[in-house]
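Enquirer: 3D, please:
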Amino acid sequence: MVSLDGYSLRIAVHDDGPDEIRVVLGYSNPVRLSKNGGFESGQTETPIYSHGKAELFYVNEIHDHIGHCKLRLRSR
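Expert: Below is the predicted model of the structure:
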C-alpha cells in the first residue's frame, strides 16, 4: 500500500526487462509502461501514478533484493 496525498492505493510493479514494466493499480488490469532510460537522477524515473499534489515514480535501478523495486514519491 502506498499513501498519496492522503489516498491509500495498492500498487504492484512487474519489471518485464530493460524497456518495459507492468503496473497494477488497486485490483485493475495491468498497464504496460515504457521505462524512461538514462543515467541521471530524473532520467531513471518512470511516472506511474499521480493524485492531488503527489506523484509516484518507478525508479529503474538494480535493487539489492531479487523481486524488489524502488518507488519514489514526489510533491508536484
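Enquirer: which residues touch His14?
Expert: Residues in contact with His14, defined by CB atoms under 8 Å, 6 or more residues apart in numbering, are 21-24, 30. No exception for glycine: its C-beta is placed from N, CA and C like everyone else's.
Enquirer: Please apply the same query to Met1.
Expert: Neighbouring residues of Met1 by CB under 8 Å, 6+ apart: 8-11.
Enquirer: again, only using 7 Å
Expert: Contact analysis of Met1 by CB atoms under 7 Å, 6 or more residues apart in numbering lists 8-10.
Enquirer: Kindly report the same for Tyr58.
Expert: When contacts are counted by CB under 7 Å, 6+ apart, Tyr58 touches 13, 21, 46, 48, 69, 71.
Enquirer: can you do 8 Å?
Expert: Tyr58 sits next to 13, 21, 23, 33, 35, 45-46, 48, 69-71 when contact means CB under 8 Å, 6+ apart.
Enquirer: Widest-spaced pair of those?
Expert: Leu33 and Lys70 (15.4 Å; CB to CB).
Enquirer: Closest to the centroid, which residue in this protein?
Expert: Centroid-nearest residue in the chain: Tyr58, 2.7 Å away (criterion: CA atoms, centre = their mean).
Enquirer: Now do that one against His68, distance only.
Expert: According to CB to CB, to the nearest Å, Tyr58 and His68 sit 12 Å apart.
Enquirer: and what of Val2?
Expert: Where His68 is concerned, Val2 sits at a distance of 14 Å (CB to CB).
Enquirer: How about Arg76?
Expert: In this view, Arg76 and His68 are 26 Å apart by CB to CB.
Enquirer: circling back to that earlier point, list just the nearest of the contacts of Met1 to Gly52.
Expert: Leu9 (11.7 Å).
Enquirer: Got the confidence number for the nearest residue to that closest one once chain neighbours are set aside?
Expert: Nearest non-adjacent residue to Leu9, counting by CB to CB, 6 or more residues apart in numbering: Val2, 5.4 Å away. If you check Val2, the pLDDT there is 82.
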